[in-house]
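> Show me the folded form of this:
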Amino acid sequence: MTDIRTKAERLLSLFREKKLTLAAAESCTGGLINAILTAVPGSSDVVLGGVVSYSNSVKERALGVKSETLISCGAVSENTAREMAIGVRRLCGSDIAVSVTGIAGPRGGTEEKPVGTVCFGVCSSLGCSSTVARFDSTLSRDEIRALSCIYALELAAAEAEKLK
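Below you'll find the model as predicted:
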């Protein structure tokens, strides 16, 4: 966890330097991104909030993910991740938002979307994008969740570097 803590501290420092704020929408990480960030003293000047949207109904109601997106693409998709990031940025009023939705296992995977499939979204004034990562399905649930948090923090930092 020290690697995650170090990345969180660096991200918060970068955001402070650039006077940026952050929000996160989380599904498979279950609030771990926000927990890691807010474990760092003084994080409240950067972290505005977040939403744990484990169910599709919360993705729709709280974040504005379209039911059509969930039906046609699924909860674990780049389109859903993008809409989650847009929704949490709008809800919290942050400069940058990240989102994560995936299959951490040990069950729930399919041939098309195996365990370890995680989609990420990032959104700022520059626009919104998404990507998918496929972590090794032999990793534990905790390892997939931790790697997802690290990747989300890296995406947020990369977006911050582009701003201001």
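> I'd say residue 121 and residue 77 touch.
No: using C-beta atoms under 8 Å, residue 121 makes no contact with residue 77, being 10.2 Å away. For the C-beta atoms, the positions are set from N, CA and C on the backbone; glycine is no exception.
> which of the two has more neighbours?
residue 121 (28 against 20; other C-beta atoms under 10 Å).
> quick one: which helix or strand includes the residue nearest in space to the middle of the chain?
The centre of the chain sits closest to residue 99, judged by C-alpha atoms, centre = their mean, with a distance of 2.6 Å. Per DSSP states H and E: residue 99 is located in strand 96-102.
> Pull out the buried positions in the longest helix seen in the chain.
For the chain, the helix that runs over the most residues, judged by DSSP state H, is helix 141-162. For helix 141-162, a neighbour-count test (16 or more other C-beta atoms under 10 Å) marks 144-149, 151-153, 155-157, 159-160 as buried.
> and it, what does it pack onto?
helix 2-18, helix 32-38, strand 96-102, strand 117-124, strand 127-134 (3 or more C-beta pairs under 8 Å, 6 or more residues apart in numbering; DSSP states H and E).
> picking that back up, turn the buried residues of helix 141-162 into a markdown table, including distance to residue 29 and pLDDT.
Shown next, in a markdown table, are the buried residues of helix 141-162 (distance: C-beta to C-beta, whole Å; pLDDT from 0 to 100):
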| residue | distance to residue 29 | pLDDT |
| --- | --- | --- |
| 144 | 9 | 98 |
| 145 | 5 | 97 |
| 146 | 9 | 96 |
| 147 | 10 | 97 |
| 148 | 5 | 98 |
| 149 | 6 | 97 |
| 151 | 10 | 97 |
| 152 | 7 | 98 |
| 153 | 11 | 97 |
| 155 | 13 | 97 |
| 156 | 13 | 98 |
| 157 | 17 | 98 |
| 159 | 18 | 98 |
| 160 | 20 | 98 |
